[in-house]
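> whatever this is, show me its structure:
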Amino acid sequence: MAVMKRNRRGHLVLKEEEFASPEEVLFFADDPLRDMKNTPELTQYVQYPSAVDEKINEYFDLSDKATRQTFLLDEASATSVLTGLTNRLYDHIVKKTTSIDYGTIPESKGDITKLTMYEDLKDCCQIIKDIVEEFHEKSGPIDTVILAMTNVETRKDLFTRAYRADCELPVLIYENTVLAIVNGISYLIAACIELIKAPSDETYRMQLDKLAYAKSRDHLLYTTLDKFNKACEKGDVDKACNEVINKRVKKFTGVAAGIIAGTLIGIVVIMNIVPLLRELVYLHFYTRTKIADFFNLQADLLQMNAYNVEANGAINAEERKEIAKKQQAIADNFRKIANSVQIDGKQAEVKASRELESNKRKYKVDDIMNDDVEDDGADGVSSLF
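Here you go, the predicted structure:
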């Protein structure tokens, strides 16, 4: 049988022989696929761009003979396998979206500026940023959220096109990113903003929990939004959305569906985005806080800030006492919602991270091809291609 062994020069080589012992057979290398290609004895193989090589090495078990042969010798089958894997990953994402509360986000149809409370979102970001700067902390998570809002807003034309063409992948990117922005602002308010009474007149002031804010930098919510921002900077979001939108639009004119861009590169473009989308969807799936409560918490922050401005302009003790009573009512509701959001946010991160970690695996070709029909939409769940 054919086995991969290292020759005297350290190369992995294909040889026809029987296994002598497990120690003699070495399948693994830092970059298995490329190492196999650098074999003098292997003179004919499929040449992939580095982006394709990277995905093959990331997702597939190249110690498996059938998997090696597929990717080294058969580009058509390799394209089919990568498409099948992408569909499988996407299918698992879509199944979870049916349990997520997106509120009125779908009604904005790709234009975040039409989102209910959009201006309030921006005002909350500014208040949080001002408090962070007041306490001399690095902006960190709040800058990540603000940049994500900007990236979504500047892609208004792209996402509105997706809604008009009824293209599911770009729509899911938009809705889950916007929900992450809404969630991200509220979690920062809940976990990092404290309402402290002034001893002199009982009015409230907003302070930053510096330790909580520092810890929030590593929360899955902000690390994933940071990945979204970097994907926008690299052009991956635009490429993936346009790839799908253009193909779906052509389908409406009579071109057959089911072939993504016709190239492996087209598939890899989509595969750059699907893991990012998966992280957002898994986190939202385990989040039990309703989007209305996120907005209610933001409204309380804005109202408290307005009362602070009013208190600063009060000219006598009686006026400040009346303002303090109004603040007390807001503070009670604020703390109740904030506590729930904070606890839920931590639990959702733990559960989502645990499932994401458990889903990590190296696939064999047979894993994809044998389950292709079942996993790629035959049960009524969406398939990308």
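> can you dump the C-alpha atoms of the helix or strand hosting Asp293 in CSV for me?
Element membership for Asp293 (DSSP states H and E) is helix 291-313. The C-alpha trace of helix 291-313 is given here as CSV (Å, rounded to 0.1, in the frame of the first residue of the first chain):
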residue,chain,number,x,y,z
ILE,A,291,-32.9,42.6,22.4
ALA,A,292,-35.6,44.9,24.0
ASP,A,293,-33.7,44.6,27.3
PHE,A,294,-30.5,45.6,25.6
PHE,A,295,-32.2,48.8,24.4
ASN,A,296,-33.9,49.4,27.8
LEU,A,297,-30.5,49.3,29.5
GLN,A,298,-29.1,51.8,26.9
ALA,A,299,-32.1,54.0,27.4
ASP,A,300,-31.5,54.0,31.2
LEU,A,301,-27.9,55.1,30.6
LEU,A,302,-28.9,57.9,28.4
GLN,A,303,-31.6,59.1,30.9
MET,A,304,-29.1,58.9,33.7
ASN,A,305,-26.6,60.9,31.7
ALA,A,306,-29.3,63.5,31.0
TYR,A,307,-30.1,63.8,34.7
ASN,A,308,-26.4,64.3,35.4
VAL,A,309,-26.3,67.2,33.0
GLU,A,310,-29.4,68.6,34.6
ALA,A,311,-28.0,68.2,38.1
ASN,A,312,-24.8,70.0,37.1
GLY,A,313,-26.9,73.0,36.1
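> show me what it is packed against.
Applying 3 or more CB pairs under 8 Å, 6 or more residues apart in numbering; DSSP states H and E, one finds that helix 291-313 contacts helix 118-134, helix 168-192, strand 204-208, helix 317-358. In short, each C-beta sits where N, CA and C put it, glycine included.
> what angle sits between it and helix 168-192?
40 degrees (axes from the mean of the first three to the mean of the last three CA atoms, to 10 degrees).
> tell me the angle of helix 291-313 relative to helix 118-134?
Going by the same axes, to 10 degrees, helix 291-313 makes 60 degrees with helix 118-134.
> pull out the buried positions in helix 291-313.
For helix 291-313, a neighbour-count test (16 or more other CB atoms under 10 Å) marks 291, 293-305, 307-308, 310-311 as buried.
> sorry, back to before: wait, which of the helices and strands packed on helix 291-313 is closest to Glu75?
helix 168-192 (24.3 Å; CB to CB).
> tell me the angle the closest one makes with helix 317-358.
130 degrees.
> tell me the mean pLDDT over helix 168-192?
Regarding helix 168-192, the rounded mean pLDDT is 95.
> hmm, who's touching the following helix or strand past that helix?
Next along the chain after helix 168-192, taking DSSP H and E as the criterion, comes strand 193-197. Outside strand 193-197, the residues within contact range by CB atoms under 8 Å, 6 or more residues apart in numbering are 128, 131, 203-209, 301, 304, 327, 331, 334-335, 338.
> where's the dip in pLDDT among these?
Ranking those by pLDDT, Thr203 lands last with 78.
> poorly predicted segments of the chain, please.
1-46, 200-202, 248-263, 313-315, 371-385 (pLDDT under 70).
> how is it partitioned into domains?
What the record gives for the chain is the domain set 2-89, 99-361, from automatic domain parsing.
> among the contacts of strand 193-197, which one lies nearest to Phe71?
Ile128 (47.6 Å).
> and the contacts of strand 193-197, which are buried?
For the contacts of strand 193-197, buried by 16+ other CB under 10 Å: 128, 131, 203-204, 206, 208, 301, 304, 327, 331, 334, 338.
> next one: Ala191 from Leu283, what distance?
Going from Ala191 to Leu283 by CB to CB, to the nearest Å gives 15 Å.
> please tell me how far Glu357 sits from Ile93.
16 Å.
> of the two, who's got more company?
Ile93 (23 against 8; other CB atoms under 10 Å).
> thinking the more buried one is in contact with Arg278, fair?
Yes: here Ile93 reaches Arg278: they are 5.3 Å apart, a contact under CB atoms under 8 Å.
> neighbours of Asp226, just the number please.
18.
> kindly confirm my reading that it is in a helix.
Yes: with DSSP: H, G, I helix; E, B strand; the rest coil as the criterion, Asp226 is located in a helix.
> mind listing what it touches?
Contacts of Asp226 (CB under 8 Å, 6+ apart): Thr144.
> thinking again about what came up before, highest average neighbour count across the domains of the chain?
Stretch with highest mean neighbour count among the domains of the chain: domain 99-361 (a mean of 18; mean count of other CB atoms under 10 Å).
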